[in-house]
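> what follows is a predicted structure for the sequence shown.
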Amino acid sequence: MNGNKRAYIGIDIGGTNLRLALVDERGAIIHKTKSRTDIYDGRPSFLSRLGKGIESLLLAARDNNIEPAALGAGVPGLISNDGHVYVSVNLRPLDGVNLRDELQAMSGLPAVVANDVNAFAFGESVYGAGRDYRSFLMVTLGTGVGGGLILGGKVWTGIDGVAGEFGHMTVESEGRPCPCGNRGCLEQYASASALVSAAREMICQQKDVFGAQCDIDAISTKILAAAALDGNQAALGLFADAGRYLGIAAASVANLLNLEAIILGGGVSSSFNLLCESMRREVLARAFPIPGKRLVIRQASLGDDGGILGSAALARSFLQEGKP
């Protein structure tokens, strides 16, 4: 160690943005970078850009007399326990790559790779809204609906590393088709994409349903949330429906696992207060009383830094215990 402080590299690989950070033992971010992911420039180009980002953090560590001890990365998709990317819908050029091996070769550091929501969940467990709980489900609401399980203070990935796909729980047996091949998946009813799609259908029927300024091409969850907060009944109804579907799925999880909490993160979670009441009501109506009343529904607290903090925390856990 040579008296140097120890830190960890956290990487959040998103469909749009690539975030990297140097994080100390207490979870403080020492240095961070953000760039476009630009994955469709091809795998070699992306890996080269990722390597340069890691190199910049290693230089920042050296300039601050900090010893990088390990590296963690969160990636959307189905990720094996040894860092193999089975499939990543938003990062197709990474399909089939063992990203852990690539990162270790780039950095010379021990590395761990996880599903991005699992990394986010672990970050909330160590540094955020999940610190008071030993068991909870992290749910991210964005383009899709993601899930990450914390059981006994550890990330639970299942035997193949792909557990926690909350967004693909069936909430309507003959419902909307999902790209996964199923019908009626939760993310077809509670994601940002689902909310915007439903809103466009309503605008087609009544142009000013969300107000005169809500154009069908410009509609977004941010605009819908603003309309709801202004008391627009149609917008309020959309968020209430999304919360209801979240509650249907959450009640099944409560009965199955008797968790302490569900923590909501991601872009749509900024509308937490518009979703929470109907979600809570559905859980209480459907779950057994003991796990239903026990279950706390909270908003995530780490924001955009959740992925990099969680990845860094996974790296620290991996180094200390041999597993996240």
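All right, it came through fine. Please read these numbers as outputs of a predicted model, since none were measured by experiment.
> what is the helix or strand hosting residue 52 packed up against?
Following DSSP states H and E, the helix or strand that holds residue 52 is helix 43-63. Contacts defined by 3 or more CB pairs under 8 Å, 6 or more residues apart in numbering; DSSP states H and E place helix 43-63 against strand 5-13, strand 17-24, strand 29-36, strand 66-75, helix 99-107. From N, CA and C alone the C-beta is placed, and that goes for glycine too.
> between the ones you listed, which one is nearest to residue 209?
Nearest to residue 209, of all these, is strand 17-24, at 32.6 Å by CB to CB.
> please enumerate the strands of the stretch 51-200 of the chain.
66-75, 78-79, 85-87, 111-115, 136-141, 145-151, 154-156 (DSSP state E, counting those that start in this stretch).
> check contacts around the residue nearest the centre of the chain.
With the centre of the chain defined as its mean C-alpha position, the nearest residue by CA atoms, centre = their mean is residue 117, 3.4 Å away. Shown in contact with residue 117 (CB atoms under 8 Å, 6 or more residues apart in numbering): 74, 76, 138, 140, 146, 147, 148, 164.
> how close does it sit to residue 155?
Distance of residue 117 to residue 155, computed by CB to CB, to the nearest Å: 10 Å.
> returning to what we had before: identify, from the contacts of residue 117, the entry nearest to residue 239.
Taking CB to CB as the measure, residue 239 sits nearest to residue 140 out of the contacts of residue 117, at 16.6 Å.
> that closest one and residue 191, how far apart?
10 Å.
> how many other residues sit next to residue 27?
Neighbour count of residue 27, defined by other CB atoms under 10 Å: 18.
> what pLDDT does the model give residue 4?
Each residue has a pLDDT score; the one for residue 4 is 73.
> any idea of the mean pLDDT for the helix ranked longest in the chain?
Identified as the longest helix of the chain according to DSSP state H is helix 233-257. For helix 233-257, mean pLDDT rounds to 98.
> quick check, residue 73 in contact with residue 118.
No: applying CB atoms under 8 Å, one finds residue 73 not in contact with residue 118, separated by 11.3 Å.
> quick one: residues contacting residue 89.
So residue 89 contacts 76, 77, 179 (CB under 8 Å, 6+ apart).
> picking up where we left off before, in the helix holding residue 52, what counts as buried?
Under the neighbour-count criterion of 16 or more other CB atoms under 10 Å, helix 43-63 has 43, 46, 47, 49, 50, 53, 54, 57, 58, 60, 61 buried.
> where does pLDDT dip in this protein?
1-3, 323-324 (pLDDT under 70).
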